[in-house]
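J.: give me coordinates for this.
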Amino acid sequence: MDKGEENRVIERWMLQLQTGQVTRRAFVRRMAMLGLSLPTISWLLAACGVSPSGSPLASGSAAAGGPRAGGTLVINYLDEIPALEPHTSPATASVRFFQLIYTTLLRFDKDLNPVPDLAETWDVSEDGLTYTFMLRSNLKFSNGDPLTSEDVKFSFDRILDPDVPAIGASFYSEVDSVEAVDPSTVVFHMKNPAAAIPVYVAGTESVIISKKVAEAGDLTKIENAIGSGPFKVDEWVPDSHMTLSRNPNFYEEGKPYIDGIRVNIVPNEDAVLASFASNATDFAVSLDGRFGKQAQGAGGLNVLSTEALGYYLFFNQTAVEPINNPKVRDALNYALDREGIIQAASLGEGSPSGPIPPANTLWAKPTSSWPQYTRDLDKARQLLSDAGFADGFSFKMLTQTSDPVNAPTIAETVQAQWAEIGVTVEIELMEFSAWVQHWLDATFTIIPGNNSGAPDPDFYLYRYFHSTGNLQFVTGNFNTPELDAALDEGRTSSDFDTRKAAYDTAQDILVEGAPFYWLYSGFIYSILSPRVKDYVPRADESIANLRDAWLSE
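T.: I've put the predicted structure just below:
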């Protein structure tokens, strides 16, 4: 190539290094292939903000004191960790800790862009039908076993296995097959293009598990919780505590800085704040606006507030009477006062949300687009009357005591709102694990919950609302041909304007059909003791960045 073309190639590779699409090792290898000298390569690395040794150039507090290795981080957590099976558990409480134990092909940076994790580089063919992931060299699981492309293939074959109720199965419905080309190369062969694949392989639903361990044992047992993440599980006492220790085989040299983590399950927010006051806790995370404000007022704590990509909602079983009547669902929607719910449940900390939450600014339609978001009790009563329920009706609302902790407040607030149109709600409180089982069995009418989020709109919609979605059961199999068409177009197109129009249509159909009542999006509150340094929260509720945090003395 001529000098001009060579410079353009170097500029492109430098940009890929800066955005995390290639690693330092791959960058150096590419530069050497161009015949560049070591001093020149070192200068290019420095220009990209990477030291010749491969570590990010230090700045701020880390530059002055340097990350300190050692120490045990104590986390107080309000929600029980109900399961250790990484592909099938829907509970946020479990998912957050999978992010510490396991890794994925790609991971999200602080701006939720997919960047390398187990895969050093990746490439997509021009027609969008082939995704190729090149693994880092010498990867290992926490037990010392090598991690190869066979483990990656096994993990995705398992996710796609119809006999495994994997939460992320629908993400990969356009994948025809996964091939382990050689020990370090994995290829996804696609039936159709799928724009969100890089986002999905970065999600916790797609963690890589050991083929050897999974074929030999039960992944719900602690001894089989073998991942390649920064930490490994040492002890798990359900409803009490979990202890993690540093994984000596983690691929990032020198990380994690923290030697261990102890997770204590505590009964309420008062207990969490009291433990901070006695210096018995270092870290807590909550979606509860009331708790966030309490922590901010406690003094001496670092409270990081991040607008969430998730939302609070009601799951509606549209196959159950009388919720199977579209007019009844519409009536209940018109009777909701979302601002009142936000005030009661989160002290005003949040914004009304549609099917895609407002923090996902590229894709979310404003809730002002839909008349159902303006409370109208007269219209609600008329719709009930038209549906044959002029005198109202009653039902039982199964409500969890945690995850989210403000679920009872949401239920009680809406109980009062729907009473104004003659609908009687009986609230039955239950432990979270029991609530999860009702959710999985679809044995409910309307129940409160919260869903996490991701950068791509397909994450929110396809698995619940496409006719082939693996979570269709939660909605009572709500679907329309128009919705399928919109979701298919949004998933397979690579053109932003085409995708935007498709997801606008999908959001309109969903608000009108009301298989969920989307309530509001709030904030993620990360509460840190003064000794926790360099922790960066993410809008998808992940705590994976604890791999980069450290503890001062």
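
J.: which residues of the stretch 251-400 of the chain score low on pLDDT?
T.: Across the stretch 251-400 of the chain, nothing is flagged by pLDDT under 70.

J.: now the helices for it?
T.: Applying DSSP state H, counting those that start in this stretch to the stretch 251-400 of the chain gives helices spanning 269-277, 289-298, 326-334, 338-346, 377-386.

J.: nearest to residue 304, of the ones you listed?
T.: Among the helices of the stretch 251-400 of the chain, the nearest to residue 304 by CB to CB is helix 289-298 (9.7 Å). Just so you know, the C-beta spots here come from the backbone N, C-alpha and C atoms, and that holds for glycine as well.

J.: now the closest one: buried residues?
T.: Buried positions in helix 289-298, judged by neighbour count with 16 or more other CB atoms under 10 Å: 289, 290, 291, 292, 293, 294, 295.

J.: OK, contacts around the last one?
T.: Residue 295 is in contact with 273, 276, 284, 301, 303, 525, 527, counting by CB atoms under 8 Å, 6 or more residues apart in numbering.

J.: surely residue 135 meets residue 184?
T.: Yes. Assessed by CB atoms under 8 Å, residue 135 is found in contact with residue 184 at 4.4 Å.

J.: so what sits against both of those two?
T.: Applying CB under 8 Å, 6+ apart, one finds that residue 135 and residue 184 are jointly contacted by 148, 149.

J.: before we move on, back to that, which of the helices of the stretch 251-400 of the chain sits closest to residue 442?
T.: helix 326-334 (16.4 Å).

J.: how far off centre is stretch 269-288?
T.: 23 Å (CA atoms, centre = their mean, to the nearest Å).

J.: using CSV, write out every CA atom in that stretch.
T.: C-alpha atoms of stretch 269-288 as CSV (Å, rounded to 0.1, in the frame of the first residue of the first chain):
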residue,chain,number,x,y,z
GLU,A,269,-32.5,0.1,54.1
ASP,A,270,-32.2,1.3,57.7
ALA,A,271,-29.9,-1.7,58.4
VAL,A,272,-27.8,-0.8,55.3
LEU,A,273,-27.3,2.8,56.4
ALA,A,274,-26.6,1.8,60.0
SER,A,275,-23.8,-0.5,58.7
PHE,A,276,-22.3,2.4,56.8
ALA,A,277,-22.4,4.5,59.9
SER,A,278,-20.4,1.8,61.8
ASN,A,279,-17.9,1.4,59.0
ALA,A,280,-19.1,-2.2,58.5
THR,A,281,-20.1,-1.7,54.8
ASP,A,282,-18.3,-0.3,51.8
PHE,A,283,-20.8,-0.6,49.0
ALA,A,284,-24.5,-0.8,48.3
VAL,A,285,-26.6,-0.3,45.2
SER,A,286,-30.3,0.4,45.0
LEU,A,287,-33.0,1.6,42.6
ASP,A,288,-35.1,3.1,45.4
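
J.: hmm, who's touching that stretch?
T.: Contacts of stretch 269-288 (CB under 8 Å, 6+ apart): 73-78, 96, 264, 266, 290-292, 294-295, 298, 300-301, 308, 310, 346, 404-406, 450, 522-529, 531-532, 535, 537, 541, 543, 546, 551.

J.: of residue 135 and residue 184, who's got more company?
T.: residue 135 (24 against 18; other CB atoms under 10 Å).

J.: which ones are touching the residue lying closest to residue 84 once chain neighbours are set aside?
T.: Nearest in space to residue 84, with sequence neighbours left out and distances taken as CB to CB, 6 or more residues apart in numbering, is residue 225 at 5.0 Å. By CB under 8 Å, 6+ apart, the residues touching residue 225 are 84, 101, 219, 232, 233, 236.

J.: go through the residues you listed and flag which are in strands.
T.: Among the contacts of residue 225, the residues falling in strands (DSSP state E) are 232, 233, 236.

J.: which one of the helices of the stretch 251-400 of the chain lies closest to residue 426?
T.: Closest of the helices of the stretch 251-400 of the chain to residue 426 is helix 326-334, at 15.4 Å (criterion: CB to CB).

J.: got the angle between that closest one and helix 377-386?
T.: Here the directions of helix 326-334 and helix 377-386 differ by 160 degrees (axes from the mean of the first three to the mean of the last three CA atoms, to 10 degrees).

J.: next one: helix 326-334 to chain centre, how far?
T.: Computed by CA atoms, centre = their mean, the chain-centroid distance of helix 326-334 equals 30 Å.

J.: helices and strands around that helix, which ones?
T.: Secondary-structure packing of helix 326-334 (3 or more CB pairs under 8 Å, 6 or more residues apart in numbering; DSSP states H and E): helix 377-386, helix 496-513.

J.: 6 Å instead, please
T.: Here helix 326-334 touches helix 377-386, going by 3 or more CB pairs under 6 Å, 6 or more residues apart in numbering; DSSP states H and E.

J.: tell me the buried residues in the helix it packs on?
T.: Using 16+ other CB under 10 Å as the test for burial, helix 377-386 gives 379, 380, 381, 382, 383, 384, 385.

J.: ok, so of those residues, who is nearest residue 110?
T.: Nearest to residue 110 among those: residue 380, at 42.6 Å, using CB to CB.

J.: low-confidence regions, this structure specifically.
T.: The chain contains residues with pLDDT under 70 at 1-65, 82.

J.: quick one, domains of it?
T.: Structural domains assigned to the chain are 3-57, 88-216, 230-306+524-551, 311-521, following automatic domain parsing.

J.: which of these sits closest to residue 67?
T.: Counting by CB to CB, residue 67 lies closest to domain 230-306+524-551 out of those; the figure is 4.2 Å.

J.: perfect, that will be all.
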